[in-house]
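> any chance you can model this:
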Amino acid sequence: MKLTDAQADKVKDAIGLEPFPEDAPVAAQLKEHFGDHTFFVAEAGLFVFEKDDNAEDAGDDPARAIQIAQWTEKDGQQALAVVEPQATTTTVDLAEAA
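The predicted structure follows:
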């Protein structure tokens, strides 16, 4: 899902992840491959957030982090490899940022 600036700030404040810059050269490729999302890069890989109305004790407007790519090493360089989307245990309440 595409987050507003306020929602992306809420994620940053809650778990420390910065949104991937939309003006980065690779941003258009990410959007083409994965759709129109706000992307977050972490040590484990690439994440997006999706609404999760089933999240317990996660607030009024919970969103869950979904891992969509992981870091791999290719030819001595790190690269992102697409993975089957995997829901994580990380949720953020976006209600106050809406």
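> next, the contact list for the residue most central in space within the chain, please.
Using Cα atoms, centre = their mean, the residue of the chain that lies closest to the mean C-alpha position is residue 48, 2.4 Å off. Residue 48 makes contacts with 1, 34, 37, 38, 39, 40, 65, 66, 68, as judged by Cβ atoms under 8 Å, 6 or more residues apart in numbering. In this view, the C-beta of every residue, glycine as well, is placed from N, C-alpha and C.
> nearest to residue 89, of those residues?
When those are compared for distance to residue 89 (Cβ to Cβ), residue 65 comes out closest, at 8.4 Å.
> hmm, back to that, report the beta-bridge partners for the residue nearest to the centre of the chain.
Under DSSP bridges, the beta-bridge partners of residue 48 are residue 66.
> got the buried residues for the strand ranked longest in the chain?
Secondary structure of the chain read by DSSP state E shows that its longest strand is strand 77-93. Neighbour-count burial for strand 77-93, counted by 16 or more other Cβ atoms under 10 Å, picks out 80, 90, 91, 92, 93.
> what's the answer for stretch 47-66, then?
Within stretch 47-66, the residues that qualify as buried by neighbour count (16+ other Cβ under 10 Å) are 47, 48, 49, 52, 55, 58, 61, 62, 63, 64, 65, 66.
> which of the contacts of residue 48 count as buried?
Among the contacts of residue 48, those that count as buried by neighbour count (16+ other Cβ under 10 Å) are 37, 38, 39, 40, 65, 66, 68.
> between these, which sits nearest residue 10?
Distance from residue 10 was checked for each of those by Cβ to Cβ. The minimum falls on residue 38, at 11.2 Å.
> picking that back up, and the two most separated of the buried residues of strand 77-93?
Considering Cβ to Cβ, no two members of these lie farther apart than 80 and 93, which are separated by 27.7 Å.
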